[in-house]
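J.: Predicted structure and sequence below. I'll ask about it afterward.
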Amino acid sequence: MNSRDERRFHSVVLPHLSDAYALARCITGSIADSEDVVQDACLRALRGIHSYSNGNALAWVLTIVRHSAYDWLHKNRPANLVLADDPEELERAHLGEQTLADPEKAVLVNQQKALLETAIAMLSPHHRETLVLRDVCGLTYREISELTGTSIGTVMSRLFRARRHLVATATLRQCHHRTL
């Protein structure tokens, strides 16, 4: 690898690592597994950086991450298995400095985050992936369509259904808490 490719990798891939981890975590359902996927994706991107055509870098990186994630799942898990993150690991990741400032608020925020994470984990893989690509990574419908190989109508439908599921789950949880 030459220094030009290395500089290009740093400018094209590295700025999008947080989105890469978000997508990999969404697909694998695990923080630890997402690290393996992103590492593999980075190696693939490094090997293919010379073929990057100066288009949308985020979409290019996420396409590689998506392919790496599905390859990893195919090798390591049954196709129908969908896992949620370890709740304790999520709690530690989300607590951060909030705990020191206002412990009661931190508990409430973390409960809400855990509910959202659980609701997202309950989505089908296609709906979860579409939601993360749009609402976390900020891709357009067209970019998601190109990345996933589906029509824009399918992307819009998946996003609508995913959001509707999240709202329904939140509403159900609120009703349940009121009756307790």
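T.: Perfect, I can see it now. Numbers count the residues shown, from 1 in each chain.
J.: For the host helix or strand of Val167, buried residues please.
T.: In the assignment (DSSP states H and E), Val167 maps to helix 152-179. Across helix 152-179, burial judged by 16 or more other C-beta atoms under 10 Å covers Thr154, Val155, Arg158, Leu159, Arg161, Ala162, Arg163, His165, Leu166, Thr169. Glycine gets a C-beta too; all of them are placed from N, C-alpha and C.
J.: Packing partners of that helix?
T.: When contacts are defined as 3 or more C-beta pairs under 8 Å, 6 or more residues apart in numbering; DSSP states H and E, helix 152-179 packs onto helix 103-121, helix 125-131, helix 141-148.
J.: Any idea how far apart the tips of stretch 136-147 sit?
T.: End-to-end span of stretch 136-147 (C-alpha to C-alpha, to the nearest Å): 15 Å.
J.: Tell me the buried residues in that stretch?
T.: Cys137, Leu139, Tyr141, Glu143, Ile144, Ser145, Glu146, Leu147.
J.: Tell me who's in contact with the second one.
T.: What it means is Leu139. Leu58, Ala59, Leu62, Leu133, Leu147 (C-beta atoms under 8 Å, 6 or more residues apart in numbering).
J.: Reformat the buried residues of stretch 136-147 as a markdown table; add pLDDT.
T.: What follows is the buried residues of stretch 136-147, written out as a markdown table (pLDDT from 0 to 100):
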| residue | pLDDT |
| --- | --- |
| Cys137 | 87 |
| Leu139 | 90 |
| Tyr141 | 94 |
| Glu143 | 92 |
| Ile144 | 93 |
| Ser145 | 93 |
| Glu146 | 91 |
| Leu147 | 89 |
